[in-house]
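Peer 1: Got a predicted model here, sequence first, then my questions.
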Number of protein chains: 2
Amino acid sequence: MAARPSPAVQDYLKAIYRLEGDGDSVTTTQVAQSLGVTAPSVSNMLKKLEQLGYVEGGGRRGVRLTSEGRTSALDVVRLHRLVETFLADTLGMRWDEVHREAEILEHHVSEALAARIAESLGHPDRDPHGDPIPTEQGLVPDSPTSVSALWTLPEGATGRVSRCDDRDPELLRFLAEVGLVPDVAVEVLARAPFGGPLTVRVGGERRVDVPPDAARGVFVLGGR
Amino acid sequence: MAARPSPAVQDYLKAIYRLEGDGDSVTTTQVAQSLGVTAPSVSNMLKKLEQLGYVEGGGRRGVRLTSEGRTSALDVVRLHRLVETFLADTLGMRWDEVHREAEILEHHVSEALAARIAESLGHPDRDPHGDPIPTEQGLVPDSPTSVSALWTLPEGATGRVSRCDDRDPELLRFLAEVGLVPDVAVEVLARAPFGGPLTVRVGGERRVDVPPDAARGVFVLGGR
DNA sequence: CCGCATTGTTATGTCACCCTAAGAACCGTC
DNA sequence: GACGGTTCTTAGGGTGACATAACAATGCGG
């Protein structure tokens, strides 16, 4: 029953967890950029995290989470996504507002409260942006392997929106407007050259032009 | 549009606000005891609060809140009680659990979220313990003047429970068990001598023995 | 009016977390 | 294998909020 890490530590663990997704070893600068702090701050904190047993490999080539670190990171991620889902579903907050709020509340919601929230929502396994919600035991619902950014799909590709990047409220407002939300069917009709927009059929109905930076934040579970 | 004070500052303002209730000038030691910190810490913080314009009269005889201080204190109290109400009504948390949780969340709930919570609850004016919830404009719903601690009532007195002290979960569990909750009718049937229990009729039905320390935490709006 | 308890302050230290400035280690290029 | 650029760490500060220790001021009983 380890004590709950401080908000700062939780933020570092969460960032490292997210960065481990692509490639496995995480560098000081990656973390610094991701959290908006300076490299020396990260250097100090990583040393501390290593002493606390949350990360290892502190020497050269970046750090990795220990299993304990991963457990703690998943705890935070779970709370974040549960809170997001709750704010959206129960309180009717817009999906572009919930991330900010959850970013703070994730550090201050007790386990007891989280359990109640989860129960009142019927133990959801996806948050409003389509991200999987880890279980209390730290299991992450299967992330299908054939998920690619909409941006990378060739003309003619079809599939369903799996998740959307939740960090940019403006992006989310745009996506909501054009109907690019989780579970909707999409088909890439055309790719404009020179970094132009993608033309996409959304929900079998609307034709929508999606600019590159938007298309990079939408992930599609491929039909083919 | 003053920036939101830090959690620590909010806690001090809340404590001073509560202590101003009885008598008007609040001393260093009162605050220290109320917050469980040492006198020097309070001394420092009061100096800071005075510089920030939240309190005045810092010299001799204790401090008082400025109107700005009172406004900020009421903001915190409002959030605390809204959160309590929400946790109890919407999430079914027991009334003895909500205080602890709200004590933390009050510092981290945004104005936007508070507004949504208030709306989803229909802008309640009492929390689960019967305490009044200040409005967004900082107005405290009328606290009736003829409210006295159950402990102070003479034999034969009648009335309705107005509010219960929310700080001791054990007390609240006891009160819930014997039915002493806000709005229930009570009548003092007997006062045992030498600090013995009060015998009270609750809700026109049950006879209940209420020990002194419990009777001091229940406040009754007098019928006569 | 003096002594002494209560109350409050100043001085100083600690801890967590962040910063800037400056030096050390690594890395591909020539 | 020296060189310039990137990356990382060490050194040294700063802030907020707490602590302890020691001193000052108040206020009351005798």
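Peer 2: Nice, thanks for sending it over.

Peer 1: Enumerate the residues of chain A near DNA strand D.
Peer 2: Contact residues, chain A versus DNA strand D (Cβ under 7 Å from any atom of the strand): A:Thr27, A:Thr28, A:Thr29, A:Ala39, A:Pro40, A:Val42, A:Ser43, A:Asn44, A:Leu46, A:Lys47, A:Gly58, A:Gly62. Bear in mind the C-beta positions are built from the backbone N, C-alpha and C, glycine included.

Peer 1: could the residues you listed go into TSV alongside pLDDT?
Peer 2: Shown next, in TSV, are these (pLDDT from 0 to 100):
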residue	pLDDT
A:Thr27	93
A:Thr28	94
A:Thr29	94
A:Ala39	95
A:Pro40	96
A:Val42	96
A:Ser43	94
A:Asn44	95
A:Leu46	95
A:Lys47	94
A:Gly58	72
A:Gly62	84
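
Peer 1: Show only the entries of those found in helices.
Peer 2: Cross-referencing the residues of chain A next to DNA strand D against helices under DSSP state H gives A:Thr28, A:Thr29, A:Ala39, A:Pro40, A:Val42, A:Ser43, A:Asn44, A:Leu46, A:Lys47.

Peer 1: The fifth one touches A:Gln33, doesn't it?
Peer 2: Which is A:Val42. No - counting by Cβ atoms under 8 Å, A:Val42 does not reach A:Gln33; the two are 9.5 Å apart.

Peer 1: Neighbour count: the two, which is higher?
Peer 2: Per other Cβ atoms under 10 Å in any protein chain shown, whichever of A:Val42 and A:Gln33 has more neighbours is A:Val42, with 25 against 14.

Peer 1: farthest pair in the ones in helices among the residues of chain A next to DNA strand D?
Peer 2: Greatest spacing in those, by Cβ to Cβ: A:Thr29 and A:Lys47 (15.7 Å).

Peer 1: who touches the helix or strand where A:Ala114 lies?
Peer 2: Element membership for A:Ala114 (DSSP states H and E) is helix A:111-120. For helix A:111-120, the surrounding residues in contact (Cβ atoms under 8 Å, 6 or more residues apart in numbering or on different chains) are A:78-79, A:82-83, A:86, A:90, A:109, A:124, A:136, B:87, B:90-93, B:97, B:101.

Peer 1: now do 10 Å
Peer 2: With Cβ atoms under 10 Å, 6 or more residues apart in numbering or on different chains as the test, helix A:111-120 has contacts from A:4, A:75, A:78-79, A:82-83, A:85-87, A:89-90, A:105-106, A:109-110, A:123-124, A:133, A:135-136, B:87, B:90-93, B:97-98, B:100-101, B:104-105.

Peer 1: Could you list the low-confidence segments of chain A?
Peer 2: Along chain A, segments meeting pLDDT under 70 span A:1, A:22-23, A:59-60, A:144, A:223-224.

Peer 1: re earlier: from the ones in helices among the residues of chain A next to DNA strand D, keep the buried residues only.
Peer 2: Those of these that meet the buried threshold are A:Thr28, A:Val42, A:Leu46, by 16 or more other Cβ atoms under 10 Å in any protein chain shown.

Peer 1: what's the last one in contact with, if anything?
Peer 2: If a contact means Cβ under 10 Å, 6+ apart, then A:Leu46 has A:Tyr12, A:Ile16, A:Val26, A:Thr27, A:Thr28, A:Val31, A:Tyr54, A:Val55, A:Gly57, A:Gly58, A:Gly62, A:Val63 as its contacts.

Peer 1: if we take those, which one ends up nearest to A:Ser148?
Peer 2: So of the contacts of A:Leu46, ranked by how close each gets to A:Ser148 (Cβ to Cβ), first place is A:Val26, at 22.9 Å.

Peer 1: Can you pull up the most central residue in chain A?
Peer 2: By Cα atoms, centre = their mean, chain A has its centre lying nearest to A:Asp131, at 5.8 Å.

Peer 1: and it, what does it touch?
Peer 2: Residues in contact with A:Asp131 (Cβ under 10 Å, 6+ apart) are A:77, A:80-81, A:84-85, A:125, A:140-141, A:143, A:162-166, A:182, A:219.

Peer 1: Export the contacts of A:Leu46 to TSV and append columns for distance to A:Val178.
Peer 2: Output for the contacts of A:Leu46, formatted as TSV (distance: Cβ to Cβ, whole Å):
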residue	distance to A:Val178
A:Tyr12	35
A:Ile16	34
A:Val26	34
A:Thr27	36
A:Thr28	38
A:Val31	34
A:Tyr54	40
A:Val55	40
A:Gly57	43
A:Gly58	45
A:Gly62	38
A:Val63	39
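
Peer 1: Buried residues, the lengthiest helix in chain A. List them.
Peer 2: Identified as the longest helix of chain A according to DSSP H is helix A:67-89. Across helix A:67-89, burial judged by 16+ other Cβ under 10 Å covers A:69-89.

Peer 1: ditto for stretch A:44-61
Peer 2: By neighbour count on 16+ other Cβ under 10 Å, the buried set for stretch A:44-61 is A:Met45, A:Leu46, A:Leu49, A:Glu50, A:Leu52, A:Tyr54, A:Val55, A:Gly57.

Peer 1: Show me which of these is closest to DNA strand C.
Peer 2: A:Met45 (5.3 Å; Cβ to the nearest atom of the strand).

Peer 1: May I ask which helix or strand encompasses A:Leu189?
Peer 2: Using DSSP H and E, A:Leu189 falls in strand A:185-191.

Peer 1: now that strand, how far from the centre of its chain.
Peer 2: Distance of strand A:185-191 from the chain centroid (Cα atoms, centre = their mean, to the nearest Å) equals 24 Å.

Peer 1: Looking at the record's assignment, how would you partition chain A?
Peer 2: A:7-65, A:147-222 (automatic domain parsing).

Peer 1: Between its first and last residues, how far does the last one reach?
Peer 2: Using Cα to Cα, to the nearest Å, the gap from the first to the last residue of domain A:147-222 comes to 6 Å.

Peer 1: and if you look at the shortest one?
Peer 2: Using Cα to Cα, one end of domain A:7-65 lies 17 Å from the other.

Peer 1: Residue numbers of chain A in contact with DNA strand C?
Peer 2: A:6-9, A:11, A:35-38, A:40-41, A:44-45, A:48, A:60.
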